[in-house]
Structure formats: C-alpha cells, structure tokens
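Trainee: Here is a sequence together with a model predicted from it:
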Amino acid sequence: MSAATRPARPRNVTAAVLGLWLVLLCALGSGDAGAQPSGGTIRVLASWTGPEATAFRRVLDAFTDAHHIRVEYQGTTALREVLLSEVRSGTPPDIAVLPSSGELTAYAAQGYLTELDEVVPAEYPPLWTPRQPENGPVYGIAVKADLKSIVWYDGTRHTRGDLPALAADSRQWCVGMGDGATSGWPGTDWIEDILLRLQGKEVYEQWASGDLAWDDPRVEEAWRTWGELLSGPAARTALRTDFRAAGKKLFAQRPSCALEHQGSFIRGGYAPHSRQARFGFSADVLRLPGSPPGAYEVSGDFAALFKNTGHTGQALELMRYLAAAKGQQAWAEETPRGSARPFSANSKVPVTVQTDGVARSIAQTLKSSSLCLDASDAMPPRMRLAFQRAALTFLSYSAADKEKRLGTLLGSLEKVHQSTERSTFPDQPWPSTVCG
C-alpha cells in the first residue's frame, strides 16, 4: 500500500501511545537507577567451574554493583578448544583467562589482544605480567597463581622427615597423567621441576626460552632422573589414571601410595581431607645431587583482553578490578567455606587472607623473588603438546627401553624445537624470559 492510499492514523491513537510511553518512562525513572547496570555487558571466559566458579561469580557481581557493568561468565573445562573456536568465528569473549603464558603470547603475536600497561598495578612483579616481545607491551595479567615445586602427603600419617625415604620407592608415588587432550602435563611438571633442581635457573631459562637443545645432556639427565623415580607398576598406573583422582589415594583407609608431586591448586581436590594435606618442597623431598637452592616453579592464570569486541573500555575497568589487591582479596574471601582459596600474584594481598598455615606458607613462597614460570606453559603450543605426548611415551617404556630409546625420543623433540623457531612460526613465539 502506497503512502498516498494509506489511511491516516487517528490523532487520538497517537496521543494515547505517547501518553503510555510517558507513563512508562516516569515509572522507570522513579525506581533505583543505581541498581540497574548501565555500562553494557561484557563476557568473560575461564576454566573455573564448581566452587571456584561460585567464588569468581561473586567477585564479578561485586564489580557489577560498583561499576554498573553487567558481566556474563562462562566456565568450561575445555577452555582452549572453546576459545579457539570463538576466535576463529570472530566472536571472542571480551576477557579470557588463559591457563598458560604460552597461549597468551601466541594470541598476542597474532594481533588479537589489547595492550594492558595502563591497568597493571605497580605492585605486580614483572614475572606475572608477560611482555611480547621483550620490553614490549603487557598483554596479560596473572589473576591467580600456584606453586608447583612441592610434594603432598597425609600429615596424619607421615612427617616431613619420612618423605625422602618414601620418595626413593616408586611405589609410593600417586601419579595421574590423564587430562583429555592435554594428558601428560603432570609428567612435564615433574621433568621441569627436576631440571630446575639439578641445573638451576640459568639453564632452566635457556631451555624454556628455546635456547637450549632438547637432547642436551643436562636435559637428558632430568628425563632419566624422572624415569628412575617413577617406574614399574607406578608408571603403568599413572598412564591410566586421571590427574584429579591420583592424589585422593593419599587419604584412603588403606592408601596404596603416600606422595603426590602436584601444584598447590590440587589441595582443593583433596576434599573432604584437605586439612590433612601437608607439603614438602621438592628440593627437600627428592634430595637430588647438586640441587641449587632457592628457585621455585610456579604457574599462573593470565587474564587477557581481546580486541574489537565493542566493550574495551568496560573490560579494561574489569581487568583493573581483578588485578587490584582489593579485588584479589575479595576473591579469596568470597570462596565458599571448605573450598581452597585462590593464591594471588599481587604482592599487596596479605598472606593472612589464607585461613590456615599450609595455605599461608604457599602464599608466602609465592612472594619469593626467585620464581620460574612453568616451562611448558610458556613454550609455543606446538612444542608444549609434543612435550606432553613424549612424557606419556617415555612413561610407557620398560626400564630397559627408557635407557635405549630416550635419545631417540629427545631427538624427535629437538626436531619440533627447531621447527618452531621464530622465523618459521612467528605467530607461536618462544618466551623471552620465564624466571624472576
């Protein structure tokens, strides 16, 4: 129907509609405007589910109340796959919390991330705010930290003095290699920690940064040492055990093992026996020859801000809030009773935010100036995946095959190393530094 033939709208109908709009606007205006988030909605993707997600959502709700910016949180145990799919489809989240600095630098190198120098608190040590390239911009901030150079045990059954003798018996290790597509990473943690213990920070950093060959004798010694610590039935059991289930054997009525080499985050999985869990530093437990003192392996969850999502300003506000000591402390305090509180990389968060001596000891160690990031976490994704698969392969060998085939296995890893040089895969860079 043309405009010329369309019947004229009665004036009284138009007036009635306008009147209705005025009534609605008055009704909205008379409410509590401060309670209505008005700064848009931003989306956050992370790996936390269950009680961890509950605590994190409470922190996000507090941010919304203070800044009137809605936050939609998605927690998934398949974070790498979900994020890659969304990035490829052109619909990334505003903020993603990445479980490794290597993934952070890879996304930064491909131009997906926003620079974050303006929101980094002064109290953050450089280790927890990786730059790409060296002396370049900050692209991620560690909003959660964990200590890895530790061995867990049941404090009601054993003392720290018992641990070295237990560690010498491979049957006493509770180990699980399973974790879906990333199976094998608990083995890489072992090898990294042993290398750090045997060779010290300088060699560890050369290797983690891609400047030391995988078939170097010092790297080979770390693999061989791991093979001696974990062999026979314990190795075979590890290959068919999920990492989440391994440590629960520590607290069984008749435990089949007594020690677990695992990061501080695992304490949350020991419930309802978390209070029984104690730890010793791996340097003291393993007592490796020539072990240099003072360096600890750590890991972090790094928050990154993706470009072109339409909410950069609001997302920067949330990044600033999550990195600040106040937000970090609130996160710990909002954790449900009985669940493990997160550890912070922000040096201003007091150790006393943790509620028991074990957690406070971990928090204090994380304030040390002698820390090194998990090496495989910092490596290019292709190298990290090859390392994880090689750890599984090595563990499957018999004792005799470990000795005969280790050189070939490390030679294969060195080929992957050479193929991931900066000139070949510039979008998957090696880190410039991993130790602080």
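Mentor: Happy to help now that I have it. Residues are numbered from 1 along each chain as shown.

Trainee: Quickly find the element holding Val298.
Mentor: strand 296-305 (DSSP states H and E).

Trainee: helix or strand right after that strand?
Mentor: That would be, after strand 296-305 and using DSSP H and E, helix 312-323.

Trainee: buried stuff in the helix or strand following that next one?
Mentor: Later in the chain than helix 312-323, the nearest helix or strand by DSSP H and E is helix 325-333. Buried residues in helix 325-333, counted by 16 or more other CB atoms under 10 Å: 325, 327-332. (Each C-beta comes from the backbone N, C-alpha and C, glycine too.)

Trainee: Paired strands for the strand holding Val298, with orientation please.
Mentor: According to DSSP bridges, strand 296-305 has the following sheet partners: strand 95-98 (antiparallel), strand 141-147 (antiparallel), strand 371-373 (parallel).

Trainee: The ones you listed: which one's closest to Pro272?
Mentor: Comparison of the strands paired with strand 296-305 against Pro272 by CB to CB identifies strand 141-147 as nearest, at 21.3 Å.

Trainee: Mind giving me the packing neighbours of the following helix or strand past that closest one?
Mentor: Once the chain leaves strand 141-147, the next helix or strand it forms, by DSSP H and E, is strand 150-154. On a contact count with 3 or more CB pairs under 8 Å, 6 or more residues apart in numbering; DSSP states H and E, strand 150-154 meets helix 163-167, strand 260-261, strand 277-281, helix 282-286.

Trainee: and the second one, which strands flank it?
Mentor: On the basis of DSSP bridges, the sheet neighbours of strand 260-261 come out as strand 150-154 (antiparallel).

Trainee: Distance from the strand it pairs with to the middle of the chain?
Mentor: Here the centre of strand 150-154 is set off from its chain's centre by 20 Å, with CA atoms, centre = their mean, to the nearest Å.

Trainee: ditto for stretch 258-271
Mentor: 15 Å.

Trainee: List the buried residues in that stretch.
Mentor: Buried-residue list, stretch 258-271, by 16+ other CB under 10 Å: 258-270.

Trainee: and Pro217, how many residues sit next to it?
Mentor: Pro217 has 8 neighbours, counted by other CB atoms under 10 Å.

Trainee: now the one 5 residues further on
Mentor: Counted by other CB under 10 Å, the residues lying close to Ala222 total 24.

Trainee: Give the full set of residues in contact with the closest residue to it other than its chain neighbours.
Mentor: In space, and not counting its chain neighbours, Ala222 is closest to Leu195: 3.9 Å by CB to CB, 6 or more residues apart in numbering. Shown in contact with Leu195 (CB atoms under 8 Å, 6 or more residues apart in numbering): 203-204, 207, 218-219, 222, 375.

Trainee: What is the nearest of these to Thr365?
Mentor: Distances from Thr365 to the contacts of Leu195, taken by CB to CB, are shortest for Tyr204, at 17.3 Å.

Trainee: So the closest one, which state does it fall into?
Mentor: Counting by DSSP: H, G, I helix; E, B strand; the rest coil, the backbone at Tyr204 sits in helix.

Trainee: Which pLDDT value belongs to it?
Mentor: Tyr204 carries a pLDDT score of 96 in this model.

Trainee: go on, Ser38?
Mentor: pLDDT, Ser38: 44.

Trainee: do Asn135 as well
Mentor: pLDDT, Asn135: 84.

Trainee: Surely it forms part of a strand?
Mentor: No - assigned with three-state DSSP, Asn135 falls outside any strand and is coil.

Trainee: Against Asp117, how distant is it?
Mentor: Asn135 is 12 Å from Asp117, where distance means CB to CB, to the nearest Å.

Trainee: The two: who's more crowded?
Mentor: Asp117 (11 against 6).

Trainee: Can you tell me the closest non-neighbouring residue to the more buried one?
Mentor: Using CB to CB, 6+ apart and skipping residues adjacent in sequence, the residue nearest Asp117 is Val138, 5.0 Å away.

Trainee: what's the neighbour count on Pro51?
Mentor: Look at Pro51: counted by other CB under 10 Å, it has 16 neighbours.

Trainee: so after the helix or strand bottoming out on mean pLDDT in the chain, what's the next helix or strand?
Mentor: When each helix and strand of the chain is scored by mean pLDDT, DSSP states H and E, helix 11-29 comes last, with a mean of 34. The first helix or strand that comes after helix 11-29 along the chain, using DSSP H and E, is strand 41-46.

Trainee: Put the buried members of the contacts of Leu195 into a PyMOL selection.
Mentor: Buried residues among the contacts of Leu195 (16+ other CB under 10 Å), as a PyMOL selection:
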select buried, resi 203+204+207+219+222+375
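
Trainee: Mind telling me the two of the contacts of Leu195 farthest from one another?
Mentor: Farthest pair in those (CB to CB) is Arg218 and Ala375. Separation: 13.3 Å.

Trainee: For Gly232, grab the count of nearby residues.
Mentor: Neighbour count for Gly232, taken as other CB under 10 Å: 11.

Trainee: tell me the phi and psi of Thr129?
Mentor: With angles defined as degrees, to the nearest 10, Thr129 sits at phi -130, psi 70.

Trainee: how close does the residue lying closest to it once chain neighbours are set aside get to Trp128?
Mentor: Excluding the flanking residues, the one nearest Thr129 by CB to CB, 6+ apart is Val138, at 4.7 Å. Note on Val138: its distance to Trp128, by CB to CB, is 10 Å.

Trainee: what's the answer for Ser347, then?
Mentor: Ser347 is 9 Å from Trp128, by CB to CB.

Trainee: And these two? Which one has more around it.
Mentor: Using other CB under 10 Å, the more surrounded residue of Ser347 and Trp128 is Trp128, with 26 against 14.

Trainee: how about the more buried one, what does it touch?
Mentor: Counting by CB under 8 Å, 6+ apart, Trp128 touches 141-142, 145, 300, 345.

Trainee: Tell me how far the host helix or strand of Ser412 lies from the chain's centre.
Mentor: Ser412 is part of helix 399-419, with elements assigned from DSSP H and E. Offset of helix 399-419 from its chain centre (CA atoms, centre = their mean): 28 Å.

Trainee: Quick check: Gly338 touching Tyr270?
Mentor: No - taking contacts as CB atoms under 8 Å, Gly338 lies outside contact range of Tyr270: 11.3 Å.
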